[in-house]
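Novice: Below are the sequence and a predicted model for it; my questions follow.
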Amino acid sequence: MSHNSVGVLVMSYGTPASLDDVKTYYTHIRRGVPPTQEQLAALVSRYDSIAGGCFPLRKNTDEQAAALQLTLDREYSFSEYVCFQGLKHAPPFIEEGVEQIAAAGIRKAVGIVLAPHYSALSVGAYIERARKKAKELHLDMRFVKSYHDHHLLIQALATRVRRGLDRFPLADHPQVRVIFTDHSLPASILERGDPYPEQLMQTSCLVAKMSGVTNWQFAWQSAGRTDVPWLGPDILDVLETVCRQERVKNVLICPVGFVSDHLEVLYDIDIECRQLAESFGMQLERTEMLNADPAYMKLLAEVVHRAAEEG
Ligand code: FEC
């Protein structure tokens, strides 16, 4: 590592270290307000049901950061990139990641979030925290805000949609309803002209076009358990509507806004949505997540390099 190395802060949501750690994690998500016993028990039980207390997001973020490092070394060997992690709700926190970059004597860094779509409430919040710490430490830090329409992302997702369709009999393919989803956010983002819904619609349109799918729609998932209104329609309501009103029998969910296997996919789709779909007599499948897919890593390396070269 030298003064000329470029630090790469790979930012991700973060997950508890163990079931005992869920309360601390949940309190952090709730900006310091501890959950009630009931809320905590419900979350512990969701984690417990995804492979008995294992926390896949930890392993997946580690693998993605390691694979990005290898890809940067291979594709841009003329520059020295060094990856660090910074998590939103668990150690090493975003601020710690920035501190590690500065402590390594690095003077220039790029921050990227493992989420393709920008909202001021999601990616924007990661960036704000990193920017504040970088400013304190006099680190020249720039950021990748979104990569929702990058051709490598669209190709990788379209391939997964086609593979997902193959889980249904060929003759049924035109009748399979493809539902693209992403994490809901408080509906108040619409008043501020946030680009999140439009970026998600762009990704969905591009993936549908590339995979040759015309029978599709978009739904929101995993809305927070708070009093404010969240963006809808919610996937659970959509499943009921397509079954009861449109007589759809086969559904393929493609979570375009998530890039790895974690609670919101393994529980919210694979358990909650599937149980509901089965209760309606529908077959529900889900596309595979990107995780450390080489095309996704290549995309991340490319946008990181572009940001490092700019300005
Ligand atoms: O596997 C894991 O351990 C973590 C899975 C996980 C991911 C994730 C991604 C996003 N979230 C976003 C927004 C919010 C807002 C609130 C909120 C709450 C939770 C809770 C859990 C949770 N989120 Fe999350 N989110 C994940 C997990 N999220 C657990 C708390 C229980 C619950 O409400 O379900 C509401 C905060 C509040 O109470 O005020 C808002 C967004 C993303 C996608 C972008 C990103 O990855 O950063 C946006 C993965």
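Specialist: In hand now; what should we look at? Residues are numbered from 1 along each chain as shown.
Novice: ok, the closest residue to the ligand within the stretch 1-150 of the chain - contacts?
Specialist: The ligand sits closest to residue 15 of the stretch 1-150 of the chain, with a gap of 3.1 Å, by C-beta to the nearest ligand atom. (Each C-beta comes from the backbone N, C-alpha and C, glycine too.) Residue 15 makes contacts with 25, 55, 56, 57, 58, 90, 262, 263, as judged by C-beta atoms under 8 Å, 6 or more residues apart in numbering.
Novice: Now, those that are in strands?
Specialist: In strands, defined here by DSSP state E, there are no members of the contacts of residue 15.
Novice: right, and the pair among the residues you listed with maximum separation?
Specialist: Using C-beta to C-beta, the contacts of residue 15 reach their maximum pairwise distance at 25 and 56, which is 14.6 Å.
Novice: which stretch of helix or strand covers residue 10?
Specialist: Taking DSSP states H and E as the criterion, residue 10 maps to strand 6-12.
Novice: how about that strand, does it get close to the ligand?
Specialist: No. On the criterion C-beta under 6 Å from any ligand atom, strand 6-12 is out of touch with the ligand, staying 6.8 Å away.
Novice: Please apply the same query to stretch 106-124.
Specialist: Yes. Using C-beta under 6 Å from any ligand atom, we find that stretch 106-124 touches the ligand at 115, 122.
Novice: restrict the contacts of residue 15 to those near the ligand?
Specialist: 55, 57, 262, 263.
Novice: give me the element the residue nearest in space to the middle of the chain is part of.
Specialist: Centroid-nearest residue in the chain: residue 258, 3.0 Å away (criterion: C-alpha atoms, centre = their mean). Here residue 258 is covered by no helix or strand, with elements defined by DSSP H and E.
Novice: what's the following helix or strand after the helix or strand residue 209 falls within?
Specialist: Assigned by DSSP H and E, residue 209 belongs to helix 196-211. Remark: after helix 196-211, the chain's next helix or strand is strand 216-221, criterion DSSP H and E.
Novice: residues of that next one that come out buried?
Specialist: 216, 218, 219, 220, 221 (16 or more other C-beta atoms under 10 Å).
Novice: list the helices and strands it packs on?
Specialist: The contact analysis (3 or more C-beta pairs under 8 Å, 6 or more residues apart in numbering; DSSP states H and E) places strand 216-221 against strand 177-183, helix 196-211, helix 235-244.
Novice: quick one: residue 181 and residue 220 touch, right?
Specialist: Yes. Using C-beta atoms under 8 Å, residue 181 is in contact with residue 220, at 6.8 Å.
Novice: shared neighbours of the two, which are they?
Specialist: With C-beta under 8 Å, 6+ apart as the test, residue 181 and residue 220 both reach residue 235.
Novice: quick one: the strands in the stretch 1-150 of the chain?
Specialist: Using DSSP state E, counting those that start in this stretch, the strands of the stretch 1-150 of the chain run over residues 6-12, 81-87, 108-113, 140-143.
Novice: Mind splitting the chain into its structural domains?
Specialist: Using automatic domain parsing, the domain parsing of the chain gives 6-148+292-310, 151-286.
Novice: which parts of the stretch 201-311 of the chain sit against the ligand?
Specialist: Counting by C-beta under 6 Å from any ligand atom, the residues of the stretch 201-311 of the chain close to the ligand are 224, 225, 226, 262, 263, 264.
Novice: what does the stretch 51-200 of the chain give?
Specialist: So the stretch 51-200 of the chain meets the ligand at 55, 57, 115, 122, 183, 185 (C-beta under 6 Å from any ligand atom).
Novice: Now neighbour count too, for these, in TSV please.
Specialist: Output for these, formatted as TSV (neighbours: other C-beta atoms under 10 Å):
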residue	neighbour count
55	22
57	24
115	23
122	21
183	23
185	20
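Novice: Contacts only, for the residue lying closest to residue 142 once chain neighbours are set aside.
Specialist: Distance criterion C-beta to C-beta, 6 or more residues apart in numbering; nearest residue to residue 142, sequence neighbours excluded, is residue 307 at 5.1 Å. Residue 307 makes contacts with 110, 112, 142, 143, 144, as judged by C-beta under 8 Å, 6+ apart.
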